[in-house]
Every structure is written in structure tokens, then in C-alpha cells.
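S.K.: Build the 3D model from these lines:
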Amino acid sequence: MNIFVSGLNYSLSSEELNEIFAQYGAVTSAKVVMDKMTGRSRGFGFVEMSSDDEGRQAISALDQSDIKGRKINVKEAEDRPQRSGGDRPQRSFGGGGDRRDGGYKPRFNRDNNRY
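M.R.: Next up, the predicted model:
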């Protein structure tokens, strides 16, 4: 069972998160998500437990509990919604441009041999 944990103290490590959930059963993995730019915790993480029953027990015991001075939220992780177009979200690039003279303007003027 994959569990989402939010509201974590920024000083909490993945190892400490593992220890907290290990009290309720076998933890397959525990990861505190870190910011790529600063290397600092983003305040949430994921815990994977081998048994669904142990995972549900951990969720009910730890949800809204106080860990390192912060009240954490614990719930079953939801699958990420599938994005269309590969990994990137679809975007509309709009229309028009920043042409102040308006209308169509050929790139090359044959009569004057100028751009």
C-alpha cells in the first residue's frame, strides 16, 4: 500500500519517516520529497508498506498526529492522473503576435531586395 504523508517538519529525514511507520508494520520504502533547487524538504513524502492491513492501521493511527511539532496528514496515495501528450501538459500557444503594423508582411520584398 502506498501512503501519502503531508505536513511534515522540514527537518524530518526519510529514515525518520521509515522509523515512524515501521512501528505499524513492514515498510518497503519511505521517501521525503526534496526540492531540486534548494535540496530542502518540501514537507511531504510517501511511504510504501508491504501489507494493506498494516498500511490502513498506520493511516488511522498517525493521521492528524503530532510529529516533531507539526500535525501530519496521512492518507492512501492516489494514482497520478494520466497526462495527454507524453509528460508535458497540453498548452495553447494562442495566436497573433506583437506586430504593430498589422496584417501580413512578406519576409522578403522582391521589388526593393530588402527584408
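S.K.: Spit out the contact partners of Gln57.
M.R.: For Gln57, the contacting residues are 24-25, by CB atoms under 8 Å, 6 or more residues apart in numbering. Using the backbone N, CA and C atoms, a C-beta is placed for each residue, glycine as well.
S.K.: got a pLDDT number for it?
M.R.: pLDDT recorded at Gln57 is 94.
S.K.: go on, Pro81?
M.R.: So, for Pro81, pLDDT stands at 78.
S.K.: That one: how many residues sit nearby?
M.R.: The tally of other residues near Pro81 (other CB atoms under 10 Å) stands at 5.
S.K.: which SS state does the residue positioned nearest the centre of the chain fall under?
M.R.: Residue closest to the average C-alpha location in the chain (CA atoms, centre = their mean): Val33, at 8.2 Å. Of the three states, Val33 takes strand according to DSSP: H, G, I helix; E, B strand; the rest coil.
S.K.: can you check Tyr10 too?
M.R.: coil.
S.K.: related to what we said a few turns ago, what's the closest residue to the residue nearest to the centre of the chain other than its chain neighbours in contact with, if anything?
M.R.: Nearest in space to Val33, with sequence neighbours left out and distances taken as CB to CB, 6 or more residues apart in numbering, is Arg42 at 4.8 Å. Neighbouring residues of Arg42 by CB under 8 Å, 6+ apart: 32-35.
S.K.: Let me have those residues in a markdown table, extended by distance to Val74.
M.R.: Formatted as a markdown table, these follow (distance: CB to CB, whole Å):
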| residue | distance to Val74 |
| --- | --- |
| Val32 | 14 |
| Val33 | 15 |
| Met34 | 19 |
| Asp35 | 21 |
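S.K.: Name the member of those with the most neighbours.
M.R.: Val32 (23 neighbours).
S.K.: show me the contacts for that one.
M.R.: 8, 12-14, 17, 41-42, 44-45.
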